[in-house]
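Participant: just a sequence and a predicted model for now, questions to come.
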Amino acid sequence: MGSFSKILPYSCYELGHCWKHSCSSASFEICIIGFIESLKIYGVVYLLTGLVNAQKISMKYGKKLLKDYLTSVCFLTVNAFGYIGSYCVVRHILQHFNFLTVSFVPGFIGSLMAILVERPARRTLLAIYVTNVASECLWNSAVGHGYVSSIPCGEILVFASAMAYLGYSFRSQTPTSKLINSIMQVFLGKEESGLMVSHRQTAARQECIPHQPVPWHQKLLALITSKHYLCPHRGGCVPHFIWTGLQGFARGFLLQLSLKMVTSIPRVVRAPRKLLPLLINKNNMEAGLFLGCFTSLFKGTCCGGRWWHGEDRPESGAIAGVLAALSMYFYSAPSLALYMMWKVVESMYENGCNAGYLPRIPGSVELLYAISTGYLFHVSVMEQHHMKPSYWRFLRRLTWDRLAGYNRHLLAPYGFDSGKNYPGYWPDYDLKHISETVKCLQPAP
């Protein structure tokens, strides 16, 4: 490991924007590229938003959607332009690069400017997303350096911990996260949500249905052959458990297939023979098993809780969440597990602030976004081999692969093997604009 205090005397052109020696031209080029790609990226997002809310379509809603779309485009453009612009400005002020200014500081400054452009309603969502990706990169880096050991199926433990909290929240009358609660209602149905549970409990009390103690073996037999009077489904609990699993499998299979189809439309159009491999891809089956087991285990555990306790309890949701989380064994999704974990942290912090136990820090969301995104820019340069592949593809797309042109071999003094994925790469410099030091470092043809 090299020393973090080392100074790099290189210019912006030699280290960063190696495709163009002029700082202003390189920054302007990234601004235009970022704007074009942002139009495409958010064009798809807001088009789908408009289709989902088609019943709301009106002139007023259309204007709002267009305004939100342009705001998000500006946000992403500022993020790209702010990074490269800050990169050059900081270099000209310090006249050198250090461990932080090679990427983290410019990424932090550009991200902070960008998040202030975006609508406040989307800032928390964006902050949680990039924090999720950054935490995954941080873990990969820690494992790569030997600071921690990789835990087999560790994402299941994270997911189970988060689902214990979210399962309890889902079945309570005051869910902690409206977004997660809405998503869970889509896959689990409204009948198991806390509000519906409360209505059934109230109706049962009004009907004065007596609760008589029943031996455990009779409860087990009744669970198999019939349903509890508080169960919201029709038919027996076991048939409902099986039918829920089949429905979940179909949803997961079709959802994964749809995602693959959307991203593969150009290839399928050019070569229709590639359609069959998409249909029989094992990821579709794994996604189906994951969602099928998740929904059936969650609902089945809730049924079991009603039979065991004779009533609906939020605690059953915590147990159901832990058991349902085991379905991730069929479909490893560390990003989903981390996202759930960060949503739990967010909701717990929000509840603590509302109860007066924790201070509400002004600008904490914006600061979290800037730090996390700054770290992601830093990883993309310093240890790109530890970055989440999908996010690296996003950064390459946003800059038209300009970020891949960073001369990572000049970062060797820091000892991170930054050029690991670029063993034969050296920028095609204009020799009139580079120093003798860099000329001497250039490998022989």
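Facilitator: Cool, got the structure.

Participant: what is the mean pLDDT for stretch 433-445?
Facilitator: Summarised as a single mean, pLDDT over stretch 433-445 is 80.

Participant: what's the answer for stretch 41-60, then?
Facilitator: Regarding stretch 41-60, the rounded mean pLDDT is 78.

Participant: span of it from start to end?
Facilitator: According to C-alpha to C-alpha, to the nearest Å, stretch 41-60 extends 23 Å from its N-terminal end residue to its C-terminal end residue.

Participant: so what pLDDT did residue 429 get?
Facilitator: Reported pLDDT at residue 429 in the predicted model: 89.

Participant: and the lengthiest helix in the chain, what does it pack onto?
Facilitator: Ranked by residue count under DSSP state H, the longest helix found in the chain is helix 59-94. Counting contacts by 3 or more C-beta pairs under 8 Å, 6 or more residues apart in numbering; DSSP states H and E, helix 59-94 is packed against helix 12-15, helix 23-52, helix 104-117. Just so you know, the C-beta spots here come from the backbone N, C-alpha and C atoms, and that holds for glycine as well.

Participant: any chance of those in JSON lines, with distance to residue 89 and mean neighbour count too?
Facilitator: Written out in JSON lines, the entries for the helices and strands packed on helix 59-94 read as follows (distance: least, C-beta to C-beta, whole Å; neighbours: other C-beta atoms under 10 Å):
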{"stretch": "helix 12-15", "distance to residue 89": "10", "mean neighbour count": "23"}
{"stretch": "helix 23-52", "distance to residue 89": "8", "mean neighbour count": "16"}
{"stretch": "helix 104-117", "distance to residue 89": "8", "mean neighbour count": "22"}
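
Participant: could the ones you listed go into CSV alongside distance to residue 347?
Facilitator: As requested, the helices and strands packed on helix 59-94 are exported to CSV (distance: least, C-beta to C-beta, whole Å):
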stretch, distance to residue 347
helix 12-15, 42
helix 23-52, 24
helix 104-117, 21
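
Participant: and the ones you listed: which comes nearest residue 277?
Facilitator: Within these, the stretch nearest residue 277 is helix 23-52; the backing value is 23.9 Å (C-beta to C-beta).

Participant: for that closest one, enumerate the helices and strands it packs against.
Facilitator: helix 12-15, helix 59-94, helix 389-398.

Participant: hmm, back to that, in the longest helix of the chain, which residues are buried?
Facilitator: Along helix 59-94, these residues count as buried under the neighbour rule (16 or more other C-beta atoms under 10 Å): 65, 68-69, 72-88, 90-91.

Participant: element containing the residue nearest to the spatial centre of the chain, please.
Facilitator: In the chain, the C-alpha nearest the mean C-alpha coordinate belongs to residue 129, at 4.5 Å (C-alpha atoms, centre = their mean). With the criterion set as DSSP states H and E, the secondary-structure element containing residue 129 is helix 120-144.

Participant: and if you look at residue 297?
Facilitator: With elements taken from DSSP H and E, the one containing residue 297 is helix 282-309.

Participant: quick one: buried residues of that helix?
Facilitator: So helix 282-309, judged by 16+ other C-beta under 10 Å, has buried residues 284-307.

Participant: following element in sequence after that helix, please.
Facilitator: Next helix or strand after helix 282-309 toward the C-terminus (DSSP H and E): helix 314-325.

Participant: elements contacting that next one?
Facilitator: Applying 3+ C-beta pairs under 8 Å, 6+ apart, we find helix 314-325 packed against helix 154-170, helix 282-309.

Participant: next, the buried residues of the helix or strand just after the first one.
Facilitator: It stands for helix 154-170. Along the chain past helix 154-170, the next helix or strand (assigned with DSSP H and E) turns out to be helix 178-188. Within helix 178-188, the residues scored as buried using 16+ other C-beta under 10 Å are 180, 181, 184, 185, 188.

Participant: what's the answer for stretch 332-343, then?
Facilitator: For stretch 332-343, using 16+ other C-beta under 10 Å, the buried residues are 333, 334, 335, 336, 337, 338, 339, 340, 341, 342, 343.

Participant: for stretch 310-325, same thing?
Facilitator: Of all the residues in stretch 310-325, those buried under the rule 16+ other C-beta under 10 Å are 310-314, 316-325.
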